[in-house]
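Colleague: Quick one, what's the 3D model for this:
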Amino acid sequence: NAIPALGWFQMVFLIGAVDYWGVLGDFDIGKPKLDPDELEKRQVQELQHGRLAMIATLELLRHDSQNLVTPGFDGLDTLITGLPFLY
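Modeller: Numbers count the residues shown, from 1 in each chain. Here you go, the predicted structure:
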């Protein structure tokens, strides 16, 4: 109810236009010129680092949710909070 119907229409239309016509461009400026082997190597590294980050995030969520169910299961009574994850 907070967003009127016309607002939803504008958002859907804009997202569809960007997806269909590529309105925002290709963003070639700033991309390094790499040979295909180096580009493939960097793309694989990016995928691997993204997967590792997802696993780490899931572990933090699992740890905090387990502590909510049984506080102190790991000898600590607090959740992982703050940076650099001080207890």
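Colleague: Scan this structure for its longest helix.
Modeller: helix 36-69 (DSSP state H).
Colleague: what's the average pLDDT for it?
Modeller: Per-residue pLDDT values across helix 36-69 average out to 86.
Colleague: Check stretch 2-10 too.
Modeller: 90.
Colleague: Quick one: distance of that stretch to the chain centre.
Modeller: Centroid displacement of stretch 2-10 relative to its chain, using Cα atoms, centre = their mean, to the nearest Å, is 26 Å.
Colleague: now swap in stretch 33-40 and tell me
Modeller: Relative to where its chain is centred, stretch 33-40 has its mean C-alpha point 25 Å off (Cα atoms, centre = their mean).
Colleague: The longest helix of the chain - contacts with which helices or strands?
Modeller: Here helix 36-69 is seen to pack against no other helix or strand when contacts are counted using 3 or more Cβ pairs under 8 Å, 6 or more residues apart in numbering; DSSP states H and E. (Each C-beta comes from the backbone N, C-alpha and C, glycine too.)
Colleague: what's the burial count for residue 63?
Modeller: Residues contacting residue 63 under the criterion other Cβ atoms under 10 Å number 16.
Colleague: same deal with residue 39?
Modeller: Residue 39: 13 surrounding residues under other Cβ under 10 Å.
Colleague: Next: residue 64.
Modeller: By other Cβ under 10 Å, the burial measure for residue 64, its neighbour count, is 13.
Colleague: And it, how far from residue 53?
Modeller: Using Cβ to Cβ, to the nearest Å, one gets 17 Å for the distance from residue 64 to residue 53.
Colleague: With residue 18 instead?
Modeller: In this structure, residue 18 and residue 53 are separated by 26 Å, where distance is defined by Cβ to Cβ.
Colleague: repeat for residue 7
Modeller: Here the distance between residue 7 and residue 53 works out to 33 Å (Cβ to Cβ).
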